[in-house]
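Undergrad: Dropping a prediction and its sequence here:
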Amino acid sequence: AKAGLTTVPEVFPLPRQRDGDGRDWLAEGPYGRQPPPVLCHGPGVHPAALLAKWILGVQPAGPGFEPALLAPMPDDIRNLSGRVWTPKGPVEVSIGHDGHGRMVRISVPAEMSYRLDRRHLADDDQIEVQGGKEVKGK
């Protein structure tokens, strides 16, 4: 994040190393002193997918996210937000603390149906869902 990247890079800055002749092989390599231009590694998206599913709690409950299952699992996290992309648009989740307790706010695209599951939230956690259409039952 400090480097301004929005993806997980495939190659991190390499340590300086010299060969037996004292040459700096990183500076003389094909990229000079710059890292390779690949800034997104496929398996690097896995942590973001786990965050979306297990912390923000957004996952499909049916084909095409119809309905979406909203089951936030913040544990002891007090401040977090994220966006999960679905075929009908992004579902945005914000977990914050308002002085009285934790507040979970979820914004769902207007044309999307969803099921809300509170079982992983504390009794005093508040939850607010904007947009979408709630589907009751399983």
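TA: Everything's here; your move.

Undergrad: Could you tell me the per-residue confidence at W25?
TA: pLDDT, W25: 50.

Undergrad: actually D75, not the one I typed
TA: On the pLDDT scale, D75 gets 87.

Undergrad: Now for it, how many residues are close by?
TA: 9 (other Cβ atoms under 10 Å). Placement of C-beta: from N, CA and C, glycine included.

Undergrad: Figure out the helix or strand that it lives in.
TA: Assigned by DSSP states H and E, D75 belongs to neither a helix nor a strand.

Undergrad: Any chance you could list what contacts stretch 117-132?
TA: The set of residues external to stretch 117-132 that reach it, using Cβ atoms under 8 Å, 6 or more residues apart in numbering, is 57, 68-74, 98, 101-114, 116.

Undergrad: Then stretch 49-58?
TA: Here stretch 49-58 makes contact (Cβ under 8 Å, 6+ apart) with 59, 68-75, 77, 80, 82, 84, 86, 91, 93, 95, 117, 120.

Undergrad: Can you tell me which of these are buried?
TA: Burial by neighbour count, 16 or more other Cβ atoms under 10 Å: within those this picks out 59, 68-72, 74, 82, 84, 86, 91, 93, 95.

Undergrad: Leaving out the residues flanking it, which one is nearest to M103?
TA: Q126 (4.9 Å; Cβ to Cβ, 6 or more residues apart in numbering).

Undergrad: Show the pLDDT at the one you found.
TA: 93.

Undergrad: residue ranges for the helices of this structure, please.
TA: Applying DSSP state H to the chain gives helices spanning 25-28, 46-50.

Undergrad: Could you point out which residue ranges in this protein have low pLDDT?
TA: Filtered on pLDDT under 70, the chain yields the residue ranges 1-45, 138.

Undergrad: can you give me the strands in it?
TA: Secondary structure of the chain (DSSP state E): strands at 58-60, 68-70, 80-86, 89-97, 102-107, 113-116, 126-130, 133-134.

Undergrad: Tell me the helices and strands packed up against the longest one.
TA: Counting contacts by 3 or more Cβ pairs under 8 Å, 6 or more residues apart in numbering; DSSP states H and E, the secondary-structure elements packed against strand 89-97 are strand 80-86, strand 102-107.
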